[in-house]
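Asker: Whatever this is, show me its structure:
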Amino acid sequence: MRALAQVPASADEPVPFDALAAALERFHMVPAWAARYDTDTAVAAALLRTLPEHVAGLAARGLPCRVDPVRGPLFERADLINVGLLSASERTTLEMALRFLLAFTADPSGEWLDAKDWLVTVHLPEADSGRYRLRVPDFTAPGIAVLPADGLRLPPRGVEFDTRGHQAAVRITGAYHQVHDPQARDIYLQMLDDLHARRVIYQCVAEPLRLNHQQAWQAGMADCIVVSRLITDRLRAAGLTARARRGYLLGVTGTEHAWCELFEDGRWKPIDVGLAFIPRRFPGGQDFPDTREFTDACFGSRLNRLLPCTGTDAASLIHDTLDDQPRAMFGLASGTLWKETS
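Answerer: Alright, predicted model coming up:
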């Protein structure tokens, strides 16, 4: 399993332009109405582990940008992430981060469920300015327990939002559950089939489109937030009780994540189309090991790396008070294994 996390010997070399340019044909660009062009060439080059002139070449090949008179070309972060993830170079920052994050899926199934203690750190830019409001973790969710620890920056009690970022030690205990409703299984498998057949492209989606998930799916693009909201709609339309949740998938390179929960047998059972799909095929095109058992686990079981946040319908985790808009921020959270606490 650990071979998944190995970095290729040529990782220090700049990612070649041809690999990045080929990715432009593998995803849908963010439409102008949903785009936020705020990432400059230097940051773009760092994300893609390439040269600034290669970023300029991508713009010449059709990667959308807006030219600022002072900062130069500015790009939409979601477009850059998609270029990196779909480059098949195995060397962009994004590809390597995803390898580390998903390596756990090849562990024995008990590793997905056994209680794990995490030190969760959520970073917020301009933390002292009060500009951003950040949803706090839902420490009351099943399987979540806050551990006693000194010196951590816990979010205030009884609030939905924090303005400074936070740090907490939590124990997350997974649980094996099966979903029995045949309608739910049919809906789950159909959505996975749409993704595997590339009728819809699994890619990074800009936040405004995530919140218009039906429009995103019809436009042929989806990420975990889109699929969590969409499957919730479909389960409800079938007469079932379901909700979409957003929080964090923990790891050293942790990330924002969303999933659906179906209420059955007196409990909420997670249904995670996004996490079931991603390990089946690495974005660069290389297969992960056989993960059918993991795909089955994503249909009902609670995994020990998912920390939900407050809010309903997979609501945005960050709100920018400067322009009163939701935001997506990548690299927001990290989770490292915490020492055992008695």
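Asker: Spatially nearest residue to Arg243, not counting backbone neighbours?
Answerer: Glu261 (5.3 Å; Cβ to Cβ, 6 or more residues apart in numbering). Where you see a C-beta, it was placed from the backbone N, CA and C, and this is true even at glycine.
Asker: mind checking how far Phe263 is from Ala242?
Answerer: Look at Phe263 and Ala242: by Cβ to Cβ, to the nearest Å, they are 7 Å apart.
Asker: what about Phe277, is that helix, strand or coil?
Answerer: helix (DSSP: H, G, I helix; E, B strand; the rest coil).
Asker: Tell me who's in contact with the nearest residue to it once chain neighbours are set aside.
Answerer: Leaving aside its sequence neighbours, Phe277 sits nearest to Leu195 (Cβ to Cβ, 6+ apart; 5.0 Å). By Cβ atoms under 8 Å, 6 or more residues apart in numbering, Leu195 lies in contact with Tyr202, Ala222, Val227, Val273, Phe277.
Asker: just to revisit the earlier point, Three-state assignment for the residue nearest to Arg243, please.
Answerer: strand.
Asker: could you list every residue that touches the residue lying closest to Glu76 once chain neighbours are set aside?
Answerer: The shortest distance from Glu76 to any non-neighbouring residue, by Cβ to Cβ, 6+ apart, is to Ala35 (4.3 Å). Contact analysis of Ala35 by Cβ under 8 Å, 6+ apart lists Pro64, Glu76, Asp79, Ala206.
Asker: among these, which are in helices?
Answerer: Asp79 (DSSP state H).
Asker: Tell me the buried residues within the contacts of Ala35.
Answerer: Among the contacts of Ala35, those classed as buried by 16 or more other Cβ atoms under 10 Å are Pro64, Glu76, Asp79, Ala206.
Asker: can you list those residues in JSON lines and add distance to Glu293?
Answerer: Formatted as JSON lines, those follow (distance: Cβ to Cβ, whole Å):
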{"residue": "Pro64", "distance to Glu293": "40"}
{"residue": "Glu76", "distance to Glu293": "37"}
{"residue": "Asp79", "distance to Glu293": "34"}
{"residue": "Ala206", "distance to Glu293": "33"}
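Asker: Just put those residues in TSV and tack on pLDDT.
Answerer: Conversion of the buried ones among the contacts of Ala35 to TSV gives the following (pLDDT from 0 to 100):
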residue	pLDDT
Pro64	98
Glu76	97
Asp79	97
Ala206	95
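Asker: Low-confidence stretches in the stretch 151-300 of the chain?
Answerer: Where the stretch 151-300 of the chain drops to pLDDT under 70, the residues are 279-290.
Asker: can you map out the helices along it?
Answerer: Using DSSP state H, counting those that start in this stretch, the helices found in the stretch 151-300 of the chain span residues 182-196, 207-210, 213-218, 224-237, 273-277, 292-297.
Asker: What is the third one packed up against?
Answerer: Packed against helix 213-218, as judged by 3 or more Cβ pairs under 8 Å, 6 or more residues apart in numbering; DSSP states H and E, are the following elements: helix 207-210, helix 224-237.
Asker: could you dump those to a markdown table with distance to Gly254 and mean neighbour count?
Answerer: Shown next, in a markdown table, are these (distance: least, Cβ to Cβ, whole Å; neighbours: other Cβ atoms under 10 Å):
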| stretch | distance to Gly254 | mean neighbour count |
| --- | --- | --- |
| helix 207-210 | 18 | 22 |
| helix 224-237 | 13 | 23 |
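Asker: For Leu58, find the nearest of those helices.
Answerer: helix 207-210 (21.0 Å; Cβ to Cβ).
Asker: Contacts for that closest one next, please.
Answerer: Contacts of helix 207-210 (Cβ under 8 Å, 6+ apart): 30-31, 33-34, 215-216, 219, 221, 223, 225-226, 229, 314, 316, 326-328.
Asker: Figure out how far it is from the centre of its chain.
Answerer: 13 Å (Cα atoms, centre = their mean, to the nearest Å).
Asker: Quick one: neighbours of Leu152, just the number.
Answerer: Here the count is done by other Cβ atoms under 10 Å, and Leu152 has 15 residues near it.
Asker: Now do the contacts for it.
Answerer: Leu119, Gln167, Ala168, Ala169.
Asker: Give the bridge partners for the third one, please.
Answerer: Following DSSP bridges, Ala168 is listed with bridge partners Val120.
Asker: give the contact list for it.
Answerer: Ala168 touches Leu119, Val120, Pro137, Phe139, Val146, Ala149, Leu152, Leu154, Pro155, counting by Cβ under 8 Å, 6+ apart.
Asker: what about it, distance to Ala328?
Answerer: Distance from Ala168 to Ala328, by Cβ to Cβ: 22 Å.
Asker: Relative to its centre, which residue of this protein is most distant?
Answerer: Seen from the C-alpha centroid of the chain, the residue lying at the greatest distance (Cα atoms, centre = their mean) is Pro69, 32.9 Å away.
Asker: May I see the buried residues of the helix or strand where Ala59 lies?
Answerer: Element membership for Ala59 (DSSP states H and E) is helix 52-60. Neighbour counts using 16+ other Cβ under 10 Å place His54, Val55, Ala56, Gly57, Leu58 of helix 52-60 among the buried residues.
Asker: Quick one: mean pLDDT over stretch 40-50.
Answerer: The average pLDDT for stretch 40-50 rounds to 96.
Asker: How about it, which residues are buried there?
Answerer: Those buried within stretch 40-50 under the rule 16+ other Cβ under 10 Å are Asp40, Thr41, Ala44, Ala45, Leu47, Leu48, Arg49, Thr50.
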